[in-house]
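A.B. asks: model this:
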Amino acid sequence: MQVISSNKAKFLFSRELVRMHYFQKMPEGLNVDRLEDSTIEGGTQPIDNPTLFKADLLKVLDWLHALDKPSILEEKPCSTPLLLYDKNLSFDRLLFHYDGNPASAQLIKRFLVLFEYNISKSSATIISPSFIPKAKLKEEQELIQLITKSTAEASFIKFNFNRIGDFWSYAVQNQCTLLITTKNYQADLAKVLFHFYKGGMWYDRLSFFLGI
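C.D. replies: Predicted structure coming up:
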């Protein structure tokens, strides 16, 4: 069953797993299990389109694992971010994936705005490619400064990771609790989750924030 939202997002898992939220900033100390479809006013202008889709990661993984082979999560990824939260959503240890593309930078900026009230005490790690074109160096530095300003502590690492599985492995090994990356990697992410879910390496404290 597909779900088609007001802004044309098409998820390949059940509509019952998806919640839509309309806010400019997520309230502090949220409990995602109790946060139903909601409109939270933020600012003086009304918000017409969803600013966040939310789905229970474990239920999505059960759907994914029941398939014969991994599947993408969205047929046509939309601009609204998707939060796949585990049973205990935590902002303690954030892992930002910056790949040098505009979508990656915009996603990180959007995340910092949406969760401003929840990440002030967070520890953040930013991973970007070892080689960044000179034209992107300014953007990279701006992102580092924004993340540093928004969190309690931040570290910056250069790795030649080219697969989302590398970021997942790093997150598991370093006990990160939330991976922020783009929907461009949703197919590879689905494969990783498909193969490792319920396995010996599975880490049940890691949630995902995906967007374009």
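
A.B. asks: ok, which stretches of this structure are strands?
C.D. replies: 3-4, 10-11, 18-22, 38-39, 52-56, 82-85, 93-97, 123-128, 153-158, 178-182, 207-211 (DSSP state E).

A.B. asks: Give the partner strands of the fifth one in its sheet and their orientations.
C.D. replies: To tie it back to what came earlier, the one meant is strand 52-56. Partners of strand 52-56 in the sheet, by DSSP bridges, are strand 18-22 (antiparallel), strand 82-85 (parallel).

A.B. asks: In terms of mean pLDDT, which of those strands ranks lowest?
C.D. replies: Lowest mean pLDDT of the strands paired with strand 52-56: strand 18-22, a mean of 87.

A.B. asks: Would you pull up how far it lies from the middle of the chain?
C.D. replies: Offset of strand 18-22 from its chain centre (Cα atoms, centre = their mean, to the nearest Å): 15 Å.

A.B. asks: just the angle between the helix ranked longest in the chain and strand 178-182, please?
C.D. replies: Longest helix of the chain, by residue count under DSSP state H: helix 134-150. Helix 134-150 runs at 150 degrees relative to strand 178-182, counting by axes from the mean of the first three to the mean of the last three Cα atoms, to 10 degrees.

A.B. asks: still on that earlier bit, comparing the strands paired with strand 52-56, which comes out most buried?
C.D. replies: Comparing those by mean neighbour count (mean count of other Cβ atoms under 10 Å), strand 82-85 ranks first with a mean of 23. C-beta here means a position set from N, CA and C on the backbone, and glycine is covered the same way.

A.B. asks: what's in contact with it?
C.D. replies: Applying Cβ atoms under 8 Å, 6 or more residues apart in numbering, the contact partners of strand 82-85 are 32, 52-57, 60, 73-74, 89, 183, 207-211.

A.B. asks: Swap in 6 Å and give it another go.
C.D. replies: Residues outside strand 82-85 that contact it (Cβ atoms under 6 Å, 6 or more residues apart in numbering) are 32, 53-55, 57, 207-210.

A.B. asks: Any stretches of this structure with poor pLDDT?
C.D. replies: 1-9, 30-47, 200 (pLDDT under 70).
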